[in-house]
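> Could you work out the structure for the sequence below:
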Amino acid sequence: MKYRRNRARLGFLATCVLLAPATGRSAEPFWSFSARGGFIVPAQGNRSNDWFDVTPILFADAGRRLGSHLSLLATTGYMRSPLVGPRIGYVHTDGMPRVGFQAVQEGTVVPLAVGLRYSPMASSPEVPRPYIEISPALYWLSYQTHDVVRPAGGGFFGTSASDQVLAAGGLFSLVVPGRITSRLGFEIGFSYLLSETFEGERGRFPGLNHVSMMGGLSFGL
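Numbering: from 1, shown residues only. Below is the predicted model:
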């Protein structure tokens, strides 16, 4: 009887040892990291069509799974583009002929967002499910201005300056993931970027109201 009992225990332990690796391989990763690239375009009804019009954008995020449906998410990104196209006007000042004036402004925007990733359907390593991301965000704008004065008689002189400003907003995404290997996947989706007006010392720029189309890779740990 004692021999049978010990044999049963050994059999149970052997079964646990054999199944443990398989269970570890199939477990949903607790941590996920992704990098996406794409383009942003002004949302319909956005009057500022020269504000980051069809501009490349990069996203990177890290997520911590809280359950089968919910994850904590941190996101950042990068985009750079002329804020407004070159403007040429003419002014008349005392003692000077008519003067041409051109101002070019270039800006870099970095979103910083922390929020939640939610999937209506429970995800699994074998069948990843679509999910949405909802994150309050701060948008950091760093911009440079280049002002050039060109007298009608020829020659030119100018000045350059820079400024930085933060604007509150939100970042919302709809993502459809796919699986390449047990840890590596791909993602395609859309993001909506929304922010308040950027109030800088050398300029006032409309808030973001843009849609991003993107694709990239994800990795789980």
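> all strands of this protein, in order?
The residue ranges that make up the strands of the chain, judged by DSSP state E, are 31-42, 55-65, 70-91, 99-118, 131-151, 157-179, 184-195, 198-200, 203-205, 209-220.
> Now mean neighbour count and mean pLDDT too, for these, in a markdown table please.
Glycine gets a C-beta too; all of them are placed from N, C-alpha and C. Formatted as a markdown table, the strands of the chain follow (neighbours: other Cβ atoms under 10 Å; pLDDT from 0 to 100):
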| stretch | mean neighbour count | mean pLDDT |
| --- | --- | --- |
| strand 31-42 | 18 | 93 |
| strand 55-65 | 18 | 94 |
| strand 70-91 | 15 | 75 |
| strand 99-118 | 18 | 81 |
| strand 131-151 | 17 | 85 |
| strand 157-179 | 16 | 89 |
| strand 184-195 | 18 | 95 |
| strand 198-200 | 18 | 86 |
| strand 203-205 | 17 | 77 |
| strand 209-220 | 18 | 94 |
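> What number of residues are in the vicinity of the closest residue to Val176 other than its chain neighbours?
Counting by Cβ to Cβ, 6 or more residues apart in numbering, Val176 lies nearest to Pro130, which is 4.8 Å off, once chain neighbours are set aside. Summarising burial for Pro130: neighbours were counted as other Cβ atoms under 10 Å, giving 14.
> Just read off the phi/psi values of Pro130.
In terms of degrees, to the nearest 10, the main-chain angles of Pro130 are phi -60, psi 150.
> Now do the same contact list for it.
If a contact means Cβ atoms under 8 Å, 6 or more residues apart in numbering, then Pro130 has 119, 121, 174-177 as its contacts.
> Closest one to Glu196 out of the residues you listed, please.
Sorting the contacts of Pro130 by distance to Glu196 puts Leu174 at the head of the list, at 23.1 Å, by Cβ to Cβ.
> Pairing partners for the closest one in the sheet, please.
Beta-bridge pairing of Leu174, defined through DSSP bridges, involves Ile132, Phe190.
> so what's it up against?
Listed by Cβ under 8 Å, 6+ apart, the contact partners of Leu174 are 130-133, 189-191.
> Check Ser218 too.
With Cβ under 8 Å, 6+ apart as the criterion, the residues that contact Ser218 are 32-34, 177, 184-187.
> Compile those into a markdown table and extend it with columns for distance to Thr108.
Formatted as a markdown table, the contacts of Ser218 follow (distance: Cβ to Cβ, whole Å):
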| residue | distance to Thr108 |
| --- | --- |
| Ser32 | 27 |
| Phe33 | 23 |
| Ser34 | 22 |
| Pro177 | 29 |
| Leu184 | 30 |
| Gly185 | 29 |
| Phe186 | 27 |
| Glu187 | 24 |
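> Kind regards, and thank you for your time.
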